[in-house]
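S.K.: could you work out the structure for the sequence below:
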Amino acid sequence: MQRKGYTRASLAIALVAAVGLGYIAYLQYQLAKVDSIIAETIVGAHNAAKSCKLKREGNKIIELCETPDLEKKGWKLSGDKQSYELSTGGKVHARMILDHKTGKVIYKIDCGSFEGDDAQQECSDVLDGTGKNYVNTDEVPW
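M.R.: Residues are numbered from 1 along each chain as shown. So this is what the prediction gives:
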């Protein structure tokens, strides 16, 4: 008497398909995360530069202020209030630094800090970079 139902081969095919779809979903999540961090860094630097009431001594800006919107998204203000940093797993993805000489906020995005070649390449491509280890640096005037 023959058994009705799935054969071992069809079960193996179903498992391979499920693993493949899971991997594609994981890649899409990683790429969306990279895009989100890049957008947050650029917008956050503009907000920190334009909307913050900065502490001044005379004509010199001496520190960044706390920005709750950035901190809710995982950004950490340094103890000396000179920079913001976004990191996960011990790797710094992006940084905003107060430049006293030019009076601007400089932001840096390190594509090499992202996990996986696809995420690193996506970061570089979005920033018109030169490869997976590309570091984008730009400045925002006050």
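S.K.: worst mean pLDDT across the helices and strands of this structure, which element?
M.R.: In the chain, no helix or strand scores lower on mean pLDDT, DSSP states H and E than strand 55-57, which sits at a mean of 60.
S.K.: let me see the mean pLDDT of the lengthiest helix in the chain.
M.R.: The longest helix of the chain (DSSP state H) is helix 8-50. Mean per-residue pLDDT for helix 8-50: 78.
S.K.: what's near enough to touch the residue nearest the centre of the chain?
M.R.: Closest residue to the average C-alpha location of the chain: residue 37 at 2.8 Å, with C-alpha atoms, centre = their mean. Taking C-beta atoms under 8 Å, 6 or more residues apart in numbering as the contact definition, residue 37 lies against 86, 93-94, 109. No exception for glycine: its C-beta is placed from N, CA and C like everyone else's.
S.K.: mind checking the SS state of the closest residue in space to residue 117 that isn't next to it in sequence?
M.R.: With C-beta to C-beta, 6 or more residues apart in numbering as the criterion, residue 117 has its nearest non-adjacent residue at 6.4 Å, and that residue is residue 132. Recorded secondary structure, residue 132: coil (DSSP: H, G, I helix; E, B strand; the rest coil).
S.K.: separation between residue 113 and residue 28?
M.R.: 20 Å (C-beta to C-beta, to the nearest Å).
S.K.: out of these two, which sits in the busier spot?
M.R.: Taking neighbours as other C-beta atoms under 10 Å, residue 113 and residue 28 compare with residue 113 leading, 21 against 11.
S.K.: residues contacting residue 88?
M.R.: Neighbours of residue 88 in contact, by C-beta under 8 Å, 6+ apart: residue 74.
S.K.: just the angle for the longest strand belonging to the chain relative to helix 8-50, thanks.
M.R.: Counting residues, the longest strand found in the chain (DSSP state E) is strand 91-99. With axes from the mean of the first three to the mean of the last three C-alpha atoms, to 10 degrees applied, the angle from strand 91-99 to helix 8-50 works out at 10 degrees.
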